[in-house]
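In: got a sequence here, can you build the structure:
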Amino acid sequence: MNKYVLADLIRRLRAGQASAEDKYLLEQIWQEAMRDTSYLDSLSDVERETLKKKMFAATQEEIGRRTLPRKGVAWRPWALRAAAAFALLFAVSAVLYWNANRFTEVHTGYGERIAVTLPDKSTVTLNGNSVLRYRNAWDNEHTREVWIDGEGFFAVQHTASHQKFVVHASDQLNVEVLGTKFNVKSREKKSEVMLTEGKVKLDMQNTHAKAKSVFLAPGELATLGTDRHLSKRTVKQKQYTSWLQYTLYFDRTTLRDLAVLLKDTYGLDVVFDDATLQDRELSGEISSASINDILYAIAETFNLNVTREGTSVYVSSK
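Out: Coordinates of the predicted model:
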């Protein structure tokens with residue numbers, strides 16, 4: 001039953017306006033609640049104990065209200081059930097509030113990919129070494145919000161009420177959309193947003209930023225670096241979304257930048273025995289089905305020795 005209907009029943013009961021049908025309905029609600037406690041399943045042990053104490057206090061308060069005016073009068077079963085129903089209303093409201101304000105947090109390990117379906121049926125594909133956070137419950141009125149640390153590809157559903165969808169990509173960068181597809185990468189030194197479909201607006205929260213808002217069209221990439229400057233340019237979409245198909249697409253990408261990717265996504269530290277090797281450029285596609293595929297492709301493409309020891313990768317000339 002809707003909690004507001006239950007609240008109205010209890011209000012009428014406490015005001016002495018409850019009909020026999022109202023009292024019977026409250027009895028049925030209570031009996032059903034005793035049989036089905038699934039609404040408590042998602043609570044932790046600490047939350048259950050807190051709720052139990054508050055329910056007991058609420059029941060005692062209600063019993064006191066109904067017994068004090070009629071001292072010495074026997075306690076009526078329907079009145080006791082009314083007090084229990086009052087406690088049930090409190091419990092249901094508390095559970096709904098806690099569930100709505102609790103967060104789901106999804107983590108991916110190095111080299112792992114996970115597809116996440118959000119409460120509005122929008123989807124996020126998380127790349128390796130990434131974290132996605134969002135509230136458990138969304139309604140039809142408030143802004144849909146998610147927080148990401150790492151990289152993810154978003155396919156956002158448009159809603160009938162035209163709700164905003166906001167991705168918090170860093171402490172200072174928000175991505176605002178209605179319904180669209182885009183890639184977000186938010187790492188320690190730089191945040192990037194690449195739009196593939198629709199339209200997005202990027203907002204800077206820092207009032208001292210050189211650019212506070214930027215609108216993107218499909219094929220445009222926005223970058224926020226350590227200088228807090230938000231800029232955009234047209235890029236090849238494939239370079240920023242090929243990881244979804246377990247391939248990596250490069251367009252004159254230096255081994256220095258590739259080393260950063262291996263660190264961020266796969267947790268590998270690349271060591272070059274000759275610093276000039278970092279300036280070599282790579283163009284084309286390589287498989288990213290496994291980290292060994294990537295390392296083998298680097299070695300064969302540049303005729304280099306590439307060896308891995310744990311989380312360290314050593315690159316040297318043959």
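In: just how off-centre is the longest strand belonging to the chain within its chain?
Out: Assignment by DSSP state E gives strand 144-155 as the longest strand of the chain. With C-alpha atoms, centre = their mean, to the nearest Å as the basis, strand 144-155 stands 7 Å off its chain's centre.
In: run through the neighbouring helices and strands of that strand.
Out: strand 123-126, strand 131-135, strand 165-168, strand 181-186, helix 255-266 (3 or more C-beta pairs under 8 Å, 6 or more residues apart in numbering; DSSP states H and E). Using the backbone N, CA and C atoms, a C-beta is placed for each residue, glycine as well.
In: looking at residue 151 now. What's its pLDDT?
Out: Model confidence at residue 151, given as pLDDT, is 97.
In: how about the helices in this structure?
Out: 3-14, 20-35, 45-67, 77-101, 238-241, 255-266, 291-302 (DSSP state H).
In: tell me the domain ranges of the chain?
Out: Domains of the chain are assigned by automatic domain parsing as 3-101, 103-237, 246-317.
In: can you tell me the distance between the two ends of the second one?
Out: For domain 103-237, the separation between the terminal residues is 32 Å (C-alpha to C-alpha, to the nearest Å).
In: quick one: stretch 128-143 to chain centroid distance?
Out: That offset, for stretch 128-143, works out to 4 Å (C-alpha atoms, centre = their mean).
In: sorry, wrong one. I was asking about stretch 188-198.
Out: For stretch 188-198, the distance to the chain centre is 17 Å (C-alpha atoms, centre = their mean).
In: what's it in contact with?
Out: 156, 169-170, 173, 175, 177-186, 200, 202, 216-226, 235, 237, 240-241 (C-beta atoms under 8 Å, 6 or more residues apart in numbering).
In: now do stretch 257-276
Out: 110-111, 127-129, 150-151, 187, 248, 250, 255, 278, 282, 291, 294, 298, 308, 311-317.
In: and those residues, which are buried?
Out: 111, 127-129, 150-151, 187, 248, 250, 255, 282, 291, 294, 298, 313, 315 (16 or more other C-beta atoms under 10 Å).
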